[in-house]
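Colleague: fold the stuff below for me.
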Amino acid sequence: MEHDEKIPIPETTFPQEKYYFGAMKIGDSVFSEGRKVTFAASTYKRNHPEFNYVSRQVEGGSRVWRIRA
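Modeller: Residues are numbered from 1 along each chain as shown. All right, here's what the predicted structure looks like:
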C-alpha cells in the first residue's frame, strides 16, 4: 500500500448541478441514461419548491422536462 501526501480532494458535482436544473426554462428538457436524472430532479425539487417538472422513461433512459406550476 502506498502512502501519499498533499493530494487535493477533487470537487464534488452533485447530480442536480450536473443537469443545470436552475438554468432550465419552461419547456426545456434533460436526458440521461438510466434514471439518474429523475432522482436528481426529485432532490432538486426538495430544495427548490418552485421547480416543477415531469419525467418520463424514454428509449435509452429518462428525460425530465421543466413545466409550469
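
Colleague: residue 66 against residue 24, yeah?
Modeller: Yes - between residue 66 and residue 24 there is a contact under CB atoms under 8 Å: 4.3 Å. Bear in mind the C-beta positions are built from the backbone N, C-alpha and C, glycine included.

Colleague: now do the strands in the chain.
Modeller: Counting by DSSP state E, the chain has these strands, from start to end: 29-33, 52-58, 61-67.

Colleague: ok and the longest helix seen in the chain relative to strand 29-33, angle-wise?
Modeller: The longest helix of the chain (DSSP state H) is helix 36-47. Inter-element angle recorded for helix 36-47 and strand 29-33: 130 degrees (by axes from the mean of the first three to the mean of the last three CA atoms, to 10 degrees).

Colleague: so residue 52 makes contact with residue 68?
Modeller: Yes - contact criterion CB under 8 Å: residue 52 and residue 68 qualify, at 6.5 Å.

Colleague: tally of neighbours for residue 18?
Modeller: Using other CB atoms under 10 Å, the number of residues around residue 18 comes to 13.

Colleague: so who does it touch?
Modeller: residue 40 (CB atoms under 8 Å, 6 or more residues apart in numbering).

Colleague: next: residue 45.
Modeller: Shown in contact with residue 45 (CB under 8 Å, 6+ apart): 51-53.
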